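A.B. asks: Next one to model:
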Amino acid sequence: MADVFEPLVWLGEAPEPLDADPLGGWAVLPNLRLAYASHYRGLGTEKAYRTLDGSICCSHGELPGTIRAWCSAERRDKARRSTCTCVDTRGLVCRTSSLKLARSKPESDPVSYFDVLCAGRDDEQVETPLQTESGNVVLTRGGKWHCPHGSDFEAKVPESSRSARERGVVRGSASLKRRFRIKTCGCTLVLPNKNTFPEVPIV
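C.D. replies: Prediction:
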């Protein structure tokens, strides 16, 4: 069944203005996709986001096609590999001109993941949305990924997809290592398995 866009209306008080989001609206979503809140979905209780390339995604960072594929797979008892819990794509497949409270792209693009996660603070390290068995992965200003116990994953992250495009390089992902494990504590870091990660420099 095709997705049908429902008007963005809500009951009671209207949600807070999207322009209230910090740092120009850029956010690092749970799957490390960079995006800004552009409009509200359904009854206005959940935000929809727009990525650097203009795609619309849910608050977990997943695109409509991925959500539909997971919903279809779950009917065959296959589990989804994401923190996303969306069961439909309402508000994600629509024309921008039809959106209420829609917001245009922030004037400046994010400089790095670390800057967005710090939200303007002068921190030396910051928690990321990535999870290990013992809690959130921490990213340091020096570009190191640490587990909650303070150990370094020694993760090697490729150059950003934007830098690769600027150099005219086609960056493959098949041979890139995405899983890193610390033997002493058993914590595991799993980086996003997609060609676009990282979209900008990590730090």
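
A.B. asks: From here on, just use CA atoms for contacts and neighbour counts.
C.D. replies: Noted.

A.B. asks: Quick check: what element follows the longest helix seen in the chain along the chain?
C.D. replies: Determined from DSSP state H, the single longest helix within the chain is helix 64-74. Tracing the chain C-terminally past helix 64-74 and defining elements by DSSP states H and E, one meets helix 113-118 next.

A.B. asks: contact partners of that next one?
C.D. replies: Helix 113-118 is touched from outside by 23, 26-28, 34, 110, 126-128, 139-141, 200-203, with contacts defined as C-alpha atoms under 8 Å, 6 or more residues apart in numbering.

A.B. asks: Whichever of these count as buried, I'd like them selected in PyMOL; how would that read?
C.D. replies: What follows is the PyMOL syntax selecting those of these that are buried according to 16 or more other C-alpha atoms under 10 Å:
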select buried, resi 23+26+27+28+34+110+126+127+128+139+140+141+200+201+202
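
A.B. asks: which one of the contacts of helix 113-118 is nearest Val190?
C.D. replies: The shortest distance between Val190 and any of the contacts of helix 113-118, using C-alpha to C-alpha, involves Thr128 and amounts to 12.3 Å.

A.B. asks: Contacts only, for that closest one.
C.D. replies: If a contact means C-alpha under 8 Å, 6+ apart, then Thr128 has Leu117, Asn136, Val137, Val138, Leu139 as its contacts.

A.B. asks: same thing but at 10 Å, please
C.D. replies: Thr128 makes contacts with 28-32, 113-114, 117-118, 136-139, 145, as judged by C-alpha atoms under 10 Å, 6 or more residues apart in numbering.

A.B. asks: would TSV of the residues you listed with pLDDT be doable?
C.D. replies: Putting the contacts of Thr128 into TSV (pLDDT from 0 to 100) gives the following:
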residue	pLDDT
Val28	95
Leu29	95
Pro30	93
Asn31	92
Leu32	94
Tyr113	95
Phe114	95
Leu117	94
Cys118	91
Asn136	94
Val137	95
Val138	96
Leu139	96
Trp145	96
